[in-house]
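how would this look folded up:
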Amino acid sequence: MHTTLTAHVGSDVLIKPSPVAMVWQGVGLPHQAMAVPGVTLGAGDVLVEVELATVCGSDVHTVLGHRNATTPLVFGHEQVGRVVVVGGPVTAVDGTVLVAGMRVVWSVIVSCGSCDRCVAGLEQKCRRLAKYGHDRVHRGWELSGGFATHVEVLEGTPIVIVGETPPAEVFAPASCATATAIAALDAAVESTARPLAGQAVFVTGAGMLGLTVAAIAADAGARVVVCDPDPGRRALSLQFGAIAAVDSADAISAAKLAAEVDGFPIAIEMSGAGSAVEAAIGSLGVGGAAILVGSVFPGVPLTIDAEQIVRNLLQVRGVHNYRAEHLSRAVDFLTGAWRRHPFAELVGATFPLADVDAALDLAASGAHPRVALRP
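Now for the predicted structure:
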């Protein structure tokens, strides 16, 4: 772990050795190390030392130029770390006052809490939204992403204290993959007005998100069928609670047969592939709901049967980001489930911070659901 010495001058924090962030300059360009010797904390800000950060699929999509981003940029929004300094009294989501040494995860977003969207319960779409690992580096918020030795966690960010026992590989993805999976399943339950227990759930995409959804739904008593073209990931999904895993060829008929349903009440689409979106919607039975999560980058035009949606009373709903409660429940789930399902094993390789470009290359290959960086 990075050794930190701090001295306080008002709200200024001087750190030796200086924190380092890896800065992305644009498609095709290597990351550059940036030293940040001093941080000015506001009264509600928290400086956290990163224990481990994982590479999310959205990081890869941006590096490859599949989605737009402003540069320079410090990637990373899945990480676990320890509190180093608190700018003033700051409480975690559960009301506990944060102190140095606490092990924490924090939300991918920070919202204002007062705009019309926040008031309407859409704080993940706040008018003044800031996002860790997504926003352009600027003076005063250089430590803005998890691909760094430290992150400056801004006032208003939901922070959740995590336990000491589960390894960092389990908790790091909580801030994106796990919390988003919780939000997706909440949307499915709300849309169908029925609990997960006893329901059949069709999941397209067996990456980190799809495997996590499978585990959460299965633990809640659902019968989960996973669809993915990769045989290794199909096999892996069976370790995360799926009763069956099917290829993309003839997936719908095989999935229905495995789940013993005429049509699924719930389909969760996690891959972003156009064919998977169409398969998710096409798998639904009367009154079913398709929750789309993976389509976070421009894709091909879709062929959707509007008559099917109307006659079968279907719902198609998008989920992007999550609320503070989802992150808290994500930590609770991982704390209890990491021994039932091999979450720690989903991180296939860990690189030092300086090798971030190699880590991104490996993540882009799809060889592992997650690749990690350890500062």
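
And for residue 176, nearest residue in space, chain neighbours not counted?
The shortest distance from residue 176 to any residue other than its chain neighbours is 4.7 Å, reached at residue 78 (Cβ to Cβ, 6 or more residues apart in numbering). Just so you know, the C-beta spots here come from the backbone N, C-alpha and C atoms, and that holds for glycine as well.

What is the neighbour count of that neighbour?
Per other Cβ atoms under 10 Å, the neighbour tally for residue 78 reads 28.

Hmm, it is touching residue 175, no?
Yes - the criterion here is Cβ atoms under 8 Å, and residue 78 meets it with residue 175 at 5.1 Å.

ok so, going back, check the residue nearest to residue 176 and give its pLDDT.
We note a pLDDT of 98 for residue 78 in this prediction.

Return the residues in contact with it.
Taking Cβ atoms under 8 Å, 6 or more residues apart in numbering, we find residue 78 in contact with 53, 54, 55, 56, 146, 172, 173, 174, 175, 176, 177, 370.

Please enumerate the strands of the stretch 201-350 of the chain.
Listed in chain order, the strands of the stretch 201-350 of the chain (DSSP state E, counting those that start in this stretch) span residues 223-227, 244-246, 264-269, 284-292, 315-318, 347-352.

Please dump these into a markdown table; it should also carry mean neighbour count and distance to residue 20 for every row.
What follows is these, written out as a markdown table (neighbours: other Cβ atoms under 10 Å; distance: least, Cβ to Cβ, whole Å):
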| stretch | mean neighbour count | distance to residue 20 |
| --- | --- | --- |
| strand 223-227 | 28 | 39 |
| strand 244-246 | 22 | 41 |
| strand 264-269 | 28 | 38 |
| strand 284-292 | 22 | 37 |
| strand 315-318 | 15 | 37 |
| strand 347-352 | 16 | 11 |
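
Out of these, the one nearest residue 193 is which?
Closest of these to residue 193 is strand 284-292, at 9.1 Å (criterion: Cβ to Cβ).

sorry, back to before: tell me which of the strands of the stretch 201-350 of the chain lies nearest to residue 48.
Taking those one by one with Cβ to Cβ, strand 347-352 is closest: 18.9 Å.

Among the contacts of residue 78, which one sits closest to residue 139?
residue 146 (19.9 Å).

did I read that right, that closest one in a strand?
No - applying DSSP: H, G, I helix; E, B strand; the rest coil, one finds residue 146 to be coil, outside a strand.

who are the neighbours in contact with the residue lying closest to it once chain neighbours are set aside?
Nearest residue to residue 146, sequence neighbours excluded (Cβ to Cβ, 6+ apart): residue 76, at 2.7 Å. Residue 76 sits next to 50, 53, 59, 132, 133, 145, 146, 147, 148, 151, 373 when contact means Cβ under 8 Å, 6+ apart.

Next, format these as JSON lines and append distance to residue 316 and neighbour count.
Listed next are the contacts of residue 76 as JSON lines, based on distance: Cβ to Cβ, whole Å; neighbours: other Cβ atoms under 10 Å:
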{"residue": "50", "distance to residue 316": "37", "neighbour count": "28"}
{"residue": "53", "distance to residue 316": "33", "neighbour count": "34"}
{"residue": "59", "distance to residue 316": "27", "neighbour count": "30"}
{"residue": "132", "distance to residue 316": "29", "neighbour count": "28"}
{"residue": "133", "distance to residue 316": "28", "neighbour count": "27"}
{"residue": "145", "distance to residue 316": "32", "neighbour count": "27"}
{"residue": "146", "distance to residue 316": "32", "neighbour count": "34"}
{"residue": "147", "distance to residue 316": "34", "neighbour count": "28"}
{"residue": "148", "distance to residue 316": "38", "neighbour count": "32"}
{"residue": "151", "distance to residue 316": "35", "neighbour count": "29"}
{"residue": "373", "distance to residue 316": "36", "neighbour count": "26"}
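
Quick one: name whatever helix or strand follows the helix or strand bottoming out on mean pLDDT in the chain.
Each helix and strand of the chain was given a mean pLDDT (mean pLDDT, DSSP states H and E); the minimum falls on strand 5-9 at a mean of 49. Downstream of strand 5-9, the next assigned helix or strand under DSSP states H and E is strand 12-16.

Give the buried residues for stretch 90-105.
Neighbour-count burial for stretch 90-105, counted by 16 or more other Cβ atoms under 10 Å, picks out 90, 92, 93, 98, 102, 103, 104, 105.

Surely the last one forms part of a strand?
Put plainly, it is residue 105. Yes - per three-state DSSP, residue 105 lies within a strand segment.

Use 34 as the first number from now on
All right, first residue 34 from here; so that's residue 138.

Who does it form a beta bridge with?
residue 193 (DSSP bridges).

wouldn't residue 272 be in contact with residue 376 here?
No - using Cβ under 8 Å as the test, residue 272 is too far from residue 376 to be in contact (10.0 Å).

between the two, who's got more neighbours?
Shown here are residue 272 and residue 376; by other Cβ under 10 Å, residue 376 has more neighbours (28 against 14).

Out of the contacts of residue 109, the closest to residue 255 would be?
Once Cβ to Cβ is applied, the member of the contacts of residue 109 that ends up nearest residue 255 is residue 92, at 29.7 Å.

how about residue 334, what does it touch?
Contacts of residue 334 (Cβ under 8 Å, 6+ apart): residue 307.
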